[in-house]
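S.K.: Quick one, what's the 3D model for this:
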Amino acid sequence: MELFGTAYRSSWPDEAPFGLVPLITFPPSPLFRVPSFGTWLLGMQTDSHFQSSSLGPWGELEYFPTFLDAPDSYFSQLLSKTKTHWFFSGKKEEEVLALFERLGTPDPHSGVKWIKTNDGILLEPEFDFLESLTAEQANGISAEIVTKAKRGDPRLDYFTIECGDYRIMTEGLDLPEELISWVESRCFRLHQKTFFASSVHALKRISNEDLQLRFLKSLLRCRSLIVRLRIRRGQDLEAISRWWSAGPNRCRSLPLLEAALETRGVDTIDLLHLLPPVPRRLLNTYALERDRYQDMSPDCYWSSMNFFEPVMSHRFLDEEFPRTYYFLDRFEVVEPPYEFGDVIMLLDREQDRFVHSYVYIAEDIIYTKNGTGKFFPYVLMKMSDMLTRYMETESYETEVYRLCAQVSVS
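M.R.: Residues are numbered from 1 along each chain as shown. All right, here's what the predicted structure looks like:
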């Protein structure tokens, strides 16, 4: 079966200047309309599509959501996949057969290659077998695989739908309705998250290479917020400046706020100008190959720990870094109210592991990198949206850390 779509071309180059990849996709929808570039950083007009935060010590924030899409070149390996892999971790052949029997599938020995491994059973179903499955059968198989999945196993092939609603993630990509509906039918809920595990099957149903690329982007795109601070006469700019000047070795932001207030026609400042050097450089960009260090890639811990650093440091490329003496000597646990730059750790006490790390900005807005590797950009987003990716269980806890007052980064 072939699914067709209209031609589409990204408006951004595949490689950006200065080695960064600021690939922001603004879908052609009123919800995601963006002001002209000249009014983006220092706003000179009011845009009705911005949403306002509640007033707080950070001032008055306005934001709107958009999507980030990775460069086309990042998808070459995914586009070259030709085989669907079902890996049943820790399972024996008779247990897998019992699953197929319970789901009422066609004979799994016909059109399926079985491979026994030291740690489970690996199946390679052919396209005709996949086509013979109902959505319920396909989702039942996928859910069993994801339930037993070990993080980072290269034999696994599934995606987390970031906002829990696949249709939302297709905004502006011009995907045909038949494809969207088919993918929706093969999305399933598990651990309070939405998964899709039929990407290779879907690619084989699409003959158009351009549509294949757009389809993969719909699975891997990331939502981000464009945030700006509104400046009004009568505000306590000194108090607002103190919020954005938290942390070590930080220059006060008051001169910038006062300059904006006195500039005719300027009533907002893009939040980018109020961030420390490292997140200011990385925001809304994707990691490059040269960012890797000794086979390790930047992750959430790296991005959080580098937040107040003057230059990026590789010492944070270790998910166990929060347990090290270097971390414990520099950070202290704090209670609410939280401040700009506080590092929040999501903990799984039962498994004794860190799940995620992110940085508090203001209200419900955080700075985060939601995964390891090149497909996860550095973004500002609502904390509630981020948690849809990570909250597998209600038993997760949070701990909040702040750089000790005597610490000076260098």
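
S.K.: Quick check: buried residues in stretch 100-119?
M.R.: Applying a neighbour-count criterion of 16 or more other Cβ atoms under 10 Å, one finds F100, L103, T105, P108, G111, V112 buried in stretch 100-119. For the C-beta atoms, the positions are set from N, CA and C on the backbone; glycine is no exception.

S.K.: Contacts only, for the most centrally placed residue in the chain.
M.R.: The centre of the chain sits closest to N370, judged by Cα atoms, centre = their mean, with a distance of 4.1 Å. Contact criterion Cβ atoms under 8 Å, 6 or more residues apart in numbering gives E162, C222, C300, H356, F376, V379, M386, R389, Y390 as the residues in contact with N370.

S.K.: Name only those of these that count as buried.
M.R.: With burial judged by 16+ other Cβ under 10 Å, the buried subset of the contacts of N370 is E162, C222, C300, H356, F376, V379, M386, R389, Y390.

S.K.: Format those residues as a markdown table; extra columns: pLDDT.
M.R.: Converted to a markdown table, the buried ones among the contacts of N370 look like this (pLDDT from 0 to 100):
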| residue | pLDDT |
| --- | --- |
| E162 | 83 |
| C222 | 92 |
| C300 | 89 |
| H356 | 90 |
| F376 | 93 |
| V379 | 97 |
| M386 | 86 |
| R389 | 76 |
| Y390 | 74 |
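
S.K.: rewinding a little: include secondary structure and distance to S253 when you put the contacts of N370 into a markdown table, please.
M.R.: Compiled in a markdown table, the contacts of N370 are given as follows (DSSP: H, G, I helix; E, B strand; the rest coil; distance: Cβ to Cβ, whole Å):
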| residue | secondary structure | distance to S253 |
| --- | --- | --- |
| E162 | coil | 31 |
| C222 | strand | 27 |
| C300 | helix | 26 |
| H356 | strand | 28 |
| F376 | coil | 29 |
| V379 | strand | 22 |
| M386 | helix | 25 |
| R389 | helix | 31 |
| Y390 | helix | 31 |
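
S.K.: Out of these, which is nearest to A135?
M.R.: Minimum distance to A135 across the contacts of N370 is 21.3 Å, recorded for E162 (Cβ to Cβ).

S.K.: My understanding was that the closest one contacts L220; is that so?
M.R.: No. Contact status for E162 versus L220: not in contact, 9.1 Å apart, counting by Cβ atoms under 8 Å.

S.K.: any chance you could map the helices in the stretch 251-400 of the chain?
M.R.: 254-262, 277-282, 300-305, 325-330, 383-390 (DSSP state H, counting those that start in this stretch).

S.K.: which of the contacts of N370 lies closest to G90?
M.R.: For those, the residue nearest G90 by Cβ to Cβ is Y390; the value is 23.6 Å.

S.K.: can you pull the contacts of T105?
M.R.: With contacts defined as Cβ under 8 Å, 6+ apart, the neighbours of T105 are S132, L133, Q137, I141.
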